[in-house]
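Engineer: One predicted model, sequence on top.
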Amino acid sequence: MPTNLIHEQSNPTSENTTQSLEFEFGLFILNLRNGIWLAGIPSWLFGITDRSLAAFADGYISALEVFQLFTASFFFLSWLYLRPEQDVNSNAGSLCPIQDSKFDLKKRHMISQEYILPFPYLCQIYHLLNLKHLETIHKFSLNNLRVININSFQPTEIGGKIQFQTILESPVNALRIWRQPIVEVDLILHTPYTVELSIPVYNGKRITVMFYALPLTQREHYLFIEIYSDLEWPKPIMQILLHFAACLTLFEDLPYLRNLGEKNLERLFNINFASNHQTMLLFKRFVELYGSHTKAPKLISNS
């Protein structure tokens, strides 16, 4: 997310810059080690093959040739055993815990998308925090997915977290590629500008979508979307699918956001009129913290 969009954010300190350089250097060393190890495999195989052909060329194997083949094979097996660990925590011994988490975050990052939309920022917030919109606005893309239960709601100082169950009723729902028919989804309001949607997939893997909605003017807002996943699928295929899914859901949003922008948003965000329905708990928490009777989120400065 561009730092110049939020006037409260300060420039990176020299300490953060140093950590970033150390992280990049650690990542370079890690990639270099893996590259050298991979390049060594065909080299050892070529050496063993060459020695084997030379040994059998005359139909007689001497003790020296046996020893050479044994030595080459031993070092080849040792080379395979010395494969660099793929887990960053095992690899980057020179990286501090903060750098470990940065590496893991970078590895899980799939796609980023950004838009400037001609609708009030509050329209986007209302849409993101209303669970019923998964069933209505995204009825086509989610193939009639339903919210069947609210498991928990935890308010925080500046936001809150709601956990809810969704079900894929259709046996041909394309989302079955990603997840089980019934899963518990997390929706988190981190700040007045940041919403996280975390969806479990298979074997403890997840897809996490981060939405950053920033008010630019009274009539437009900036939307930044980042998607992360630890699914062990080929990354290029994942990126194509996720880009398509994000574009499709945004396309579904546009008519609704346009209609919502024509309504009385002050009334919608008034605590006295906020819905008490379970699917609106997180939105009501936003209204309690940032609605008309409290301090509303400020417009983002471009300076």
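Structural biologist: On my side now, so go ahead.
Engineer: and the gap between Pro120 and Thr191?
Structural biologist: Per Cβ to Cβ, to the nearest Å, Pro120 is found 18 Å from Thr191. C-beta here means a position set from N, CA and C on the backbone, and glycine is covered the same way.
Engineer: When the two are compared, which one has more neighbours?
Structural biologist: Neighbour totals were compared for Pro120 and Thr191, and Pro120 leads with 20 against 11 (other Cβ atoms under 10 Å).
Engineer: Against Leu282, how distant is the nearest residue to that one once chain neighbours are set aside?
Structural biologist: The spatial neighbour of Pro120 that comes closest, neighbours along the chain excluded (Cβ to Cβ, 6 or more residues apart in numbering), is Gly261 at 5.5 Å. Applying Cβ to Cβ, the value for Gly261 to Leu282 is 21 Å.
Engineer: And those two? Which one has more around it.
Structural biologist: Counted by other Cβ under 10 Å, Gly261 and Leu282 do not tie: Leu282 has more neighbours, with 23 against 17.
Engineer: in whichever strand or helix holds that one, what counts as buried?
Structural biologist: Using DSSP states H and E, Leu282 falls within helix 281-290. Buried residues in helix 281-290, counted by 16 or more other Cβ atoms under 10 Å: Leu281, Leu282, Phe283, Lys284, Arg285, Phe286, Val287, Leu289, Tyr290.
Engineer: What is the nearest of those to Pro255?
Structural biologist: Phe283 (20.1 Å; Cβ to Cβ).
Engineer: Isn't that closest one up against Leu129?
Structural biologist: Yes - judged on Cβ atoms under 8 Å, Phe283 makes contact with Leu129 at a distance of 3.9 Å.
Engineer: residue ranges of the strands in the stretch 151-300 of the chain, please?
Structural biologist: Along the stretch 151-300 of the chain, the segments classed as strands by DSSP state E, counting those that start in this stretch run 160-167, 182-191, 194-200, 206-215, 221-229.
Engineer: Would you reformat the ones you listed as a markdown table and include mean pLDDT and distance to Met110?
Structural biologist: What follows is these, written out as a markdown table (pLDDT from 0 to 100; distance: least, Cβ to Cβ, whole Å):
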| stretch | mean pLDDT | distance to Met110 |
| --- | --- | --- |
| strand 160-167 | 91 | 21 |
| strand 182-191 | 91 | 18 |
| strand 194-200 | 93 | 13 |
| strand 206-215 | 94 | 8 |
| strand 221-229 | 95 | 5 |
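Engineer: and of the ones you listed, who's closest to Trp37?
Structural biologist: Trp37 sits nearest to strand 221-229 of all the strands of the stretch 151-300 of the chain, at 26.4 Å, using Cβ to Cβ.
Engineer: How far off centre is that closest one?
Structural biologist: Strand 221-229 sits 9 Å away from the centroid of its parent chain (Cα atoms, centre = their mean, to the nearest Å).
Engineer: ranges for the helices of the stretch 51-200 of the chain?
Structural biologist: 63-81, 88-91, 97-108, 121-129 (DSSP state H, counting those that start in this stretch).
Engineer: got the CA coordinates for the last one in CSV?
Structural biologist: Pointing back at helix 121-129 there. Presented in CSV, the C-alpha positions along helix 121-129 are these (Å, rounded to 0.1, in the frame of the first residue of the first chain):
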residue,chain,number,x,y,z
TYR,A,121,-15.5,5.3,1.3
LEU,A,122,-18.4,4.4,3.6
CYS,A,123,-20.1,2.5,0.8
GLN,A,124,-17.1,0.1,0.6
ILE,A,125,-17.0,-0.3,4.4
TYR,A,126,-20.7,-1.1,4.6
HIS,A,127,-20.3,-3.6,1.9
LEU,A,128,-17.2,-5.3,3.3
LEU,A,129,-18.7,-5.7,6.8
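Engineer: Give me the angle between that helix and strand 160-167.
Structural biologist: 50 degrees (axes from the mean of the first three to the mean of the last three Cα atoms, to 10 degrees).
Engineer: Helix 121-129 - what's its average pLDDT?
Structural biologist: Mean pLDDT, computed over helix 121-129, is 93.
Engineer: on that earlier part again, pLDDT of the helix holding Leu282, averaged?
Structural biologist: 91.
Engineer: Low-confidence ranges, this structure, go.
Structural biologist: Along the chain, segments meeting pLDDT under 70 span 1-27, 30, 81-103, 170-180, 272, 292-303.
Engineer: and the residue most central in space within the chain, how far is that from Arg206?
Structural biologist: Centroid-nearest residue in the chain, with Cα atoms, centre = their mean: Tyr228, separated by 1.3 Å. In this view, Tyr228 and Arg206 are 8 Å apart by Cβ to Cβ.
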